[in-house]
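Participant: What shape does this take:
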Amino acid sequence: MDVSSAPARRGSRARWGAATAASLALVLAGCTPPGTHSVALEPGEVLRVELYFYEPASVPGEVNRTTITDPAMVEELVEAFTDVPAGTLASRGEDLQAARVTGLRYHLVDGSTRELTQYFLQPRDVVIAWPDAPAQHTTWGVPLEDYFADLGDSDEVDSSLRPASSLEE
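Facilitator: So this is what the prediction gives:
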């Protein structure tokens with residue numbers, strides 16, 4: 001036996017073994033890898049982003065609105081919802097009542113707006129109500145209020161001004 005080829009075979013077996021284990025894990029978990037979804041905007045199309053922070057129990061009532069105009073922050077808020085790994089949303093019902101919710105309204109240079117709503121339940125358990133697709137589950141996302149609430153102009157507004165969500169109708 002030629003021992004000089006042994007390490008190459010071992011490396012090949014390790015790669016094959018890792019690929020097999022990953023495939024088996026997906027099969028045993030009974031899931032398929034999620035697709036991706038995007039807000040379908042380019043940062044240059046967006047003038048500003050309004051973020052509405054609330055918990056479903058606070059509606060109706062007042063919610064905190066923060067308006068982001070800094071181009072770098074606007075870009076982050078577009079990229080945060082670009083190519084998001086998202087899958088089918090199982091019925092959530094009462095779960096969403098405990099969510100930290102952020103409604104986003106993107107104001108575009110052409111005068112139109114695009115809206116979506118993020119429901120942060122816990123790490124790796126986030127629901128997004130998209131403007132152009134059914135709501136989806138993702139493992140991506142953070143509570144946006146923790147990062148953006150102090151980065152723009154903030155005020156309290158009536159909850160009826162928040163972006164519409166298919167999950168709150």
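Participant: From now on I want contacts and neighbour counts done on CA atoms only, so please keep to that.
Facilitator: Noted.
Participant: domains for this protein, by residue range?
Facilitator: Structural domains annotated on the chain: 1-33, 35-168, as defined by automatic domain parsing.
Participant: Show me the shaky parts of the protein.
Facilitator: Within the chain, the set of residues satisfying pLDDT under 70 comprises 1-34, 92-94.
Participant: about what we covered before: deepest in the core, which of the domains of the chain is it.
Facilitator: Highest mean neighbour count among the domains of the chain (mean count of other CA atoms under 10 Å): domain 35-168, with a mean of 17.
Participant: Strands of the protein, start to end?
Facilitator: 35-37, 46-54, 62-68, 84-88, 100-108, 113-122, 125-129, 136-138, 153-158 (DSSP state E).
Participant: Now distance to V74 too, for the ones you listed, in CSV please.
Facilitator: Below are the strands of the chain laid out as CSV (distance: least, CA to CA, whole Å):
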stretch, distance to V74
strand 35-37, 19
strand 46-54, 6
strand 62-68, 7
strand 84-88, 17
strand 100-108, 9
strand 113-122, 13
strand 125-129, 18
strand 136-138, 22
strand 153-158, 13
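Participant: between the ones you listed, which gets nearest to L77?
Facilitator: strand 46-54 (7.8 Å; CA to CA).
Participant: Which strands or helices does that closest one pack on?
Facilitator: Judged by 3 or more CA pairs under 8 Å, 6 or more residues apart in numbering; DSSP states H and E, strand 46-54 is in contact with strand 62-68, helix 71-79, strand 100-108.
Participant: ok now the shortest one, how far from the chain's centre?
Facilitator: Spelled out, it's strand 62-68. Relative to the centre of its chain, strand 62-68 is centred 19 Å away, using CA atoms, centre = their mean, to the nearest Å.
Participant: got the angle between that strand and strand 46-54?
Facilitator: If you take axes from the mean of the first three to the mean of the last three CA atoms, to 10 degrees, strand 62-68 sits at 160 degrees to strand 46-54.
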